[in-house]
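>>> With the input below, show me the fold.
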Amino acid sequence: MTTPEVTWPRRSGPIVLRPPTSADLDQVLTWRNRPDVTRWLLRTQVDPERFRASWLASVDDPTDHAAVAVLDGAVVGTGTLSVSDAMGQSQGDVWRGAQGSLGYLVDPAYAGRGVATAIAGGLLEVAFAELGLHRVTAGCFAANTASWRVMEKVGMRREEHGVQDSWHDELGWVDGYTYGILAAEWRDRDR
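Got it, this is the predicted structure:
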């Protein structure tokens with residue numbers, strides 16, 4: 001959502017992140033349901049109209065900071081930062097809206113060019129510098145090496161290795177990884 005807390009558009013490495021438009025989503029849908037994209041996704045196929053409606057609704061949702069990644073005028077990826085409550089006891093409310101969940105997806109034509117790393121880094125900057133979140137997590141199938149390498153490149157640490165905790169339509173029960181990073185770690189990453 002474009003709120004006083006978040007400034008869009010924003011540059012992150014070679015890309016510009018900004019809220020999606022219907023035309024942007026038309027570009028995303030040219031590659032979103034391809035098998036080489038869906039191989040590592042939980043939602044393998046999406047209905048184009050429902051996909052478009054959900055993404056456009058995210059623009060007005062204060063807990064959903066969804067963006068498209070634009071490079072030289074082309075939409076080359078998507079990213080999401082969903083804000084939620086952290087675990088917390090009932091006294092006080094510092095834990096409310098203190099945690100984020102990060103996701104990213106890249107057009108295969110642009111894979112290996114740092115686009116996913118730029119998306120993840122840009123959304124972590126939103127999470128910590130603008131939204132003031134305490135912690136952000138992300139997850140992937142353990143065999144999705146490209147995804148967990150992105151998480152490590154942006155400073156996230158592997159917090160969980162779930163043994164056969166994830167169902168994969170092609171591979172059956174597979175391992176999954178969860179990564180996390182704290183605001184203090186994000187601030188200290190370049191020191």
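>>> I'd say residue 141 and residue 174 touch.
Yes - with contact defined as C-beta atoms under 8 Å, residue 141 counts as touching residue 174 (5.6 Å). In this view, the C-beta of every residue, glycine as well, is placed from N, C-alpha and C.
>>> Now for those two: what residues contact both?
By C-beta atoms under 8 Å, 6 or more residues apart in numbering, residue 141 and residue 174 have these common neighbours: 166, 168.
>>> Settle it for me: which of the two has more neighbours?
Each of residue 141 and residue 174 has its neighbours counted (other C-beta atoms under 10 Å); residue 141 has more, 21 against 17.
>>> and that one, how far is that from residue 115?
20 Å (C-beta to C-beta, to the nearest Å).
>>> Next: residue 146.
When residue 146 is compared with residue 115 (using C-beta to C-beta), they lie 11 Å apart.
>>> who has more neighbours, the two?
A direct count of neighbours by other C-beta under 10 Å for residue 146 and residue 115 places residue 115 higher, at 24 against 12.
>>> Which residues are in contact with that one?
Applying C-beta under 8 Å, 6+ apart, the residues near residue 115 are 14, 15, 69, 71, 76, 77, 106, 107.
>>> For the residues you listed, please prepare TSV with the additional fields secondary structure.
As requested, those are exported to TSV (DSSP: H, G, I helix; E, B strand; the rest coil):
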residue	secondary structure
14	coil
15	strand
69	strand
71	strand
76	strand
77	strand
106	strand
107	coil
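>>> Give me the neighbour count for residue 102.
Using other C-beta under 10 Å: residue 102 sits among 26 other residues.
>>> Kindly report the same for the one 4 residues further on.
The burial metric for residue 106, expressed as a neighbour count using other C-beta under 10 Å, is 26.
>>> Equivalent analysis for residue 150, please.
25.
>>> repeat for residue 172
9.
>>> how near is it to residue 57?
34 Å.
>>> Could you list the low-pLDDT ranges of the chain?
Scanning the chain for pLDDT under 70 picks out 1-4, 190-191.
>>> Let me see the contact set for the residue nearest the centre of the chain.
Against the mean C-alpha coordinate of the chain, by C-alpha atoms, centre = their mean, the closest residue is residue 103 at 2.0 Å. By C-beta under 8 Å, 6+ apart, the contact list for residue 103 reads 79, 80, 82, 138.
>>> quick check, residue 122 in a strand?
No - under three-state DSSP, residue 122 falls outside any strand and is assigned helix.
>>> residues touching it, list them.
10, 11, 12, 13, 15, 17, 67, 79.
>>> export those residues to a markdown table and tack on neighbour count, distance to residue 185 and secondary structure?
A markdown table is the format used below for those (neighbours: other C-beta atoms under 10 Å; distance: C-beta to C-beta, whole Å; DSSP: H, G, I helix; E, B strand; the rest coil):
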| residue | neighbour count | distance to residue 185 | secondary structure |
| --- | --- | --- | --- |
| 10 | 16 | 21 | strand |
| 11 | 10 | 23 | strand |
| 12 | 23 | 18 | strand |
| 13 | 16 | 20 | coil |
| 15 | 30 | 23 | strand |
| 17 | 26 | 21 | strand |
| 67 | 30 | 22 | strand |
| 79 | 26 | 20 | strand |
